[in-house]
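Enquirer: Build me a structure from this.
(one chain, ligands or ions: 1)
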Amino acid sequence: MRIHIKNPQVLTYADGAFAAEQKDLYIDGERIAAVGEAPQGFVPDKVIDGKDRLVMPGLMNLHTHHYMSLFRNIANDVPFHAWLFDNMMPREDKLSEEDCYWGTLLSIMEQIRTGTTCFNDMYVICDAAAKAARDAGCRAYLGRGLVGDDTGDGGRLQAALEEMDRFAGDPLLTFTLSPHAPYTCSGGYLKRVAEAARKKDVLLHYHLQESAGEVQGIKEQHGVTPIVHADGLGLFDQPIILAHCAKAEPADMPYLAKPCVSVVTNPASNMKLGNGFAPVPQMLKAGVNVCLGTDGPASNNALNLFRDMTLFALIHKGVTEEPTELSAVTALRSVTVNAAKAVGRAHELGQIAPGYLADLAILDLNAPELLPHNDIVSSLVYSAYGTEVETVLIHGKIVMEDRHFTTIDEERVRFEIKKRTGIFG
Ligand code: NI
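Expert: Model prediction:
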């Protein structure tokens with residue numbers, strides 16, 4: 001399909017800075033064909049009126065557990081250990097494939113509504129996650145949460161590798177290998193997973209240094225922080241996305257700054273579970289590629305990156321009493337260009353430019369909280385709620401138009417979710 005977005009403000013990126021300018025946007029198939037002048041002979045199948053609208057890159061949420069929307073607002077205000085081991089893990093064992101499918105679809109609805117076009121998910125049932133993303137037309141990075149020790153993992157790694165092959169060739173789906181955490185995976189097992197990721201040429205996605213208890217446990221066992229321990233196992237010598245690092249210490253910074261490593265900070269989830277939040281200003285000074293995630297909807301308890309961008313930009317200023325610590329531009333980069341770099345696709349995701357994939361959010365610039373238009377990047381980070389998002393394209397396809405989903409049967413999702421209310425409570 002050929003789409004012409006007429007007269008919008010377009011948010012482009014160059015040399016570390018964003019700029020919004022009135023330009024026409026031309027989409028041909030899954031990619032952006034031109035920004036500004038129409039390509040020769042371009043005849044659109046559809047024209048979108050962009051007057052008083054902003055077209056921005058779709059946001060990328062680099063750490064989620066989408067199936068967990070079924071557990072939203074269960075076990076709040078409890079400590080991390082009790083939340084995970086006493087409340088979440090026993091409930092996960094009860095989930096059917098259908099439960100996970102509808103839970104994931106609800107999460108995708110919520111994120112599309114707030115402009116997110118790509119998510120990096122650690123799932124429990126592959127077919128549920130992959131089919132929900134495919135049915136919704138949403139870009140997804142998917143990895144089965146792997147748990148194992150030196151003696152084995154009950155076939156989980158083998159199953160994860162087979163799942164990748166089963167969904168191979170889908171342009172929206174990319175698989176990762178996702179060992180859960182240092183306290184659920186032994187060193188020997190992590191080496192096996194890393195070796196498999198190397199052979200398969202896929203990303204690793206791993207929860208690391210999330211809580212004080214985890215740091216204490218690994219230090220007692222190995223005498224080093226979980227970050228240093230993971231590097232010693234060779235995990236940082238291949239592309240890896242580290243969720244959290246909320247308890248990263250100053251001596252950990254050079255390890256996190258390694259070229260294959262990206263960190264996803266999840267400040268809402270970390271704070272809600274009493275784990276503090278990552279020392280991002282120090283990470284940025286050390287040259288770490290920092291991205292932003294919501295984490296699962298059971299620990300956030302929403303999947304709205306606009307909300308979390310605001311939080312992310314504010315908390316460091318609040319703690320350090322230094323308002324220059326983390327700028328709006330840095331916050332916006334964390335969900336666009338940095339995220340694209342983390343998944344190895346800076347050449348085709350996270351920006352609006354010819355040849356890039358058309359993963360786009362179109363926002364209503366007449367929303368009162370965005371007026372006047374003094375500084376668009378600050379508006380997006382400090383003022384926007386995400387409710388300004390009207391239309392979303394993923395891979396060149398309109399998945400939401402004027403706030404109506406084109407790929408998801410909203411009523412059906414609501415029905416299926418309501419039907420399950422209370423079963424897991
Ligand atoms: Ni997580």
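Enquirer: Strands of the stretch 101-250 of the chain, residue ranges please.
Expert: In the stretch 101-250 of the chain, the segments counted as strands under DSSP state E, counting those that start in this stretch are 116-123, 139-146, 173-179, 203-208, 240-244.
Enquirer: I'd like the ones you listed laid out as TSV, including mean pLDDT, mean neighbour count and distance to residue 49.
Expert: Quick note: C-beta positions are derived from backbone N, CA and C, even for glycine. Putting the strands of the stretch 101-250 of the chain into TSV (pLDDT from 0 to 100; neighbours: other Cβ atoms under 10 Å; distance: least, Cβ to Cβ, whole Å) gives the following:
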stretch	mean pLDDT	mean neighbour count	distance to residue 49
strand 116-123	97	28	21
strand 139-146	97	25	26
strand 173-179	98	24	32
strand 203-208	98	27	39
strand 240-244	98	27	38
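Enquirer: For residue 24, which of those is the nearest?
Expert: Closest of the strands of the stretch 101-250 of the chain to residue 24 is strand 116-123, at 20.9 Å (criterion: Cβ to Cβ).
Enquirer: how about the strands of the stretch 101-250 of the chain in JSON lines, adding distance to residue 44?
Expert: Shown next, in JSON lines, are the strands of the stretch 101-250 of the chain (distance: least, Cβ to Cβ, whole Å):
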{"stretch": "strand 116-123", "distance to residue 44": "21"}
{"stretch": "strand 139-146", "distance to residue 44": "23"}
{"stretch": "strand 173-179", "distance to residue 44": "28"}
{"stretch": "strand 203-208", "distance to residue 44": "36"}
{"stretch": "strand 240-244", "distance to residue 44": "37"}
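Enquirer: So which of the ones you listed is nearest residue 30?
Expert: strand 139-146 (10.5 Å).
Enquirer: Work out the gap between that closest one and the centre of the chain.
Expert: Taking Cα atoms, centre = their mean, to the nearest Å, one finds the center of strand 139-146 at 11 Å from the center of the full chain.
Enquirer: Go ahead and name everything in contact with it.
Expert: Outside of strand 139-146, the residues within contact range by Cβ atoms under 8 Å, 6 or more residues apart in numbering are 65, 117-124, 126, 129-130, 133, 153, 156-157, 159-160, 163, 172-180, 185, 189, 193, 203, 205, 343, 359, 394-395.
Enquirer: With stretch 214-227 instead?
Expert: Stretch 214-227 is contacted by residues 181-183, 208-209, 229, 232, 242, 245, 247-249, 251-252, 255-256 when judged by Cβ under 8 Å, 6+ apart.
Enquirer: Repeat the analysis, applying 10 Å as the threshold.
Expert: Stretch 214-227 has contacts (Cβ atoms under 10 Å, 6 or more residues apart in numbering) with 80-81, 181-183, 187, 206-211, 228-232, 235-236, 242, 244-249, 251-256, 261, 263, 275.
Enquirer: Taking those residues, please make a PyMOL selection of just the buried ones.
Expert: Per 16 or more other Cβ atoms under 10 Å, the buried members of those correspond to this PyMOL selection:
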select buried, resi 80+181+182+183+187+206+207+208+209+210+211+228+229+230+231+235+236+242+244+245+246+247+248+252+253+255+256+261+263+275
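Enquirer: In helices, which of the contacts of stretch 214-227 appear?
Expert: 80-81, 187, 228-232, 253-256 (DSSP state H).
Enquirer: which ones are touching the residue lying closest to residue 140 once chain neighbours are set aside?
Expert: Residue nearest to residue 140 in three dimensions, not counting chain neighbours: residue 133, with 3.8 Å by Cβ to Cβ, 6 or more residues apart in numbering. If you count contacts by Cβ under 10 Å, 6+ apart, residue 133 has them with 66, 104-105, 108, 118-119, 121, 123, 139-142, 167, 170, 172-173, 394.
Enquirer: Walk me through the domains of the chain.
Expert: Here the domain parsing of the chain from automatic domain parsing is 2-58+349-405, 59-342.
Enquirer: gap between the residue most central in space within the chain and residue 339?
Expert: Central residue of the chain (Cα atoms, centre = their mean): residue 61, 1.7 Å from the mean position. When distance is defined by Cβ to Cβ, to the nearest Å, residue 61 is 8 Å away from residue 339.
Enquirer: between these two, what contacts are shared?
Expert: By Cβ under 10 Å, 6+ apart, residue 61 and residue 339 have these common neighbours: 118, 120, 264, 291-293, 305.
Enquirer: Setting the sequence-adjacent residues aside, check what's closest to residue 138.
Expert: Here the residue nearest residue 138, using Cβ to Cβ, 6+ apart, is residue 108, at 5.0 Å.
Enquirer: The one you found: neighbour count?
Expert: As a burial measure, residue 108 scores 30 neighbours (other Cβ atoms under 10 Å).
Enquirer: what residues are up against residue 126?
Expert: By Cβ under 10 Å, 6+ apart, residue 126 lies in contact with 97, 100, 142-144, 159-160, 162-164, 166-167, 175.
Enquirer: what does residue 192 give?
Expert: Contact analysis of residue 192 by Cβ under 10 Å, 6+ apart lists 146, 148, 150, 152-153, 157, 179, 185-186.
Enquirer: Now do residue 422, the pLDDT please.
Expert: Note on residue 422: pLDDT of 81.
Enquirer: Which of the three states applies to it?
Expert: Three-state call for residue 422 (DSSP: H, G, I helix; E, B strand; the rest coil): coil.
Enquirer: That one - how many residues pack around it?
Expert: The local packing of residue 422 (other Cβ under 10 Å) involves 8 other residues.
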